[in-house]
Structures are given as C-alpha cells and as structure tokens.
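predicted model follows, preceded by the sequence.
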Amino acid sequence: MSASALIILRTAHHRYAARHSDLAELRQVRDAAVLETVGGDRPCVCVELGAFLDPADISTQTRRHALLIPLRRRYVALLVDAVEAFLEYDRSEPLPGLLQQHLTQPWAVGVLNYNDIPIVQLDVRAIARSVLLQHSSTSHDKGSITYASGI
C-alpha cells in the first residue's frame, strides 16, 4: 500500500476517510479491554470515533475495528463499525482556507468524492491528540485503559 493510501471508515451514521499511514495498526476487536496495552507495555486509550465527533453517532455493533494511533508513550484506539475500502491513492481535495479558518477543531483536512458521495477526510492523529488531552484532564489513573463513549 502506498504512503498516500486512504481508508474509508464507517461509524453508525457516517463515513469518513483517513490516511492509512497515520495508523500503527488496524485490528478487529469484540471487546475494547483487549487493547489494555499495545506493543507490549504501552497503555491504550479507546474512544468511539462516531460518538466523539457526533454525540448522536452511537454504535450498537459488537465487533469493531480499532484504528491504533501511536502517540508518545501510549496509543489511542479509535473504534469504528467498519473499514469499507482501501484506496491506493489519496484523491481527496484539501479544504479551502476560508472553511478551515471557521472549524472549531483541525480534524477535517479534505473532502473525497467516493462513489459520488462526498466524504470528509479526517486527520486521525489530531483527533487522537484531542482524545489524550481530554483523557489526561479527566483521568487520575494514567496506567489503565479508558473506554470513552460519547466524549
């Protein structure tokens, strides 16, 4: 897979695109507790991607895909319902500067026309950093897994 490959993700209500190169790993899981540590000893913070971006986007799936994103001394696992496709080349268009200036978070970086449907391309590393910021401000137990739904 090329460095500019994209993956198409599906949450309960939305589709998103993300750069495959931003992930350390992609796993299928039934229980987020299996992600307590990743890579031997690095703790992992899990969050539902759909609910993090849209509180109404809550999944009822039991089998999930975990997008593992490495950040410093820990991982962030973004849980999605499915990975629908791998696109070998990034065919997304960057967001216009005027639109980017009005976003409250720097998570959306482009738009992809996928099967005649516009899909927002996310910066999952920026989302993972935001998850860790929220986690560190609300957690006292830094060594254990945190499974956050609807942050």
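Arrived safely. What you see is a predicted model, and the numbers here were worked out from it, not measured in a lab. Numbers count the residues shown, from 1 in each chain.

show me the strands in the chain, by range?
For the chain, the strands defined by DSSP state E cover 6-10, 15-19, 25-29, 37-38, 42-48, 64-71, 74-80, 82-87, 93-94, 108-114, 117-122, 146-148.

find the nearest non-adjacent residue to residue 30, please.
Nearest residue to residue 30, sequence neighbours excluded (CB to CB, 6 or more residues apart in numbering): residue 63, at 5.5 Å. (C-beta placed from N, C-alpha, C; glycine too.)

so how far is residue 24 from that neighbour?
Per CB to CB, to the nearest Å, residue 63 is found 20 Å from residue 24.

neighbour count for the two, which is higher?
residue 24 (13 against 10; other CB atoms under 10 Å).

who's in contact with the helix ranked longest in the chain?
Identified as the longest helix of the chain according to DSSP state H is helix 124-138. With CB atoms under 8 Å, 6 or more residues apart in numbering as the test, helix 124-138 has contacts from 18-19, 22-23, 45, 47, 49, 52-53, 67, 69, 71, 74, 76, 78, 105-107, 142, 146, 148, 151.

please save the CA atoms from that helix in PDB.
Provided in PDB are the C-alpha atoms of helix 124-138 (Å, rounded to 0.1, in the frame of the first residue of the first chain):
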ATOM      1  CA  VAL A 124      -6.900  10.900  12.900                       C
ATOM      2  CA  ARG A 125      -3.600  11.900  14.600                       C
ATOM      3  CA  ALA A 126      -5.100  15.300  15.500                       C
ATOM      4  CA  ILE A 127      -8.200  13.500  16.800                       C
ATOM      5  CA  ALA A 128      -6.000  11.200  18.900                       C
ATOM      6  CA  ARG A 129      -4.200  14.100  20.400                       C
ATOM      7  CA  SER A 130      -7.500  15.700  21.300                       C
ATOM      8  CA  VAL A 131      -8.600  12.400  22.900                       C
ATOM      9  CA  LEU A 132      -5.500  12.300  25.000                       C
ATOM     10  CA  LEU A 133      -5.900  15.900  26.100                       C
ATOM     11  CA  GLN A 134      -9.500  15.200  27.300                       C
ATOM     12  CA  HIS A 135      -8.400  11.900  28.800                       C
ATOM     13  CA  SER A 136      -5.500  13.500  30.800                       C
ATOM     14  CA  SER A 137      -7.700  16.200  32.100                       C
ATOM     15  CA  THR A 138     -10.400  13.800  33.400                       C
END
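
noted, bye for now.
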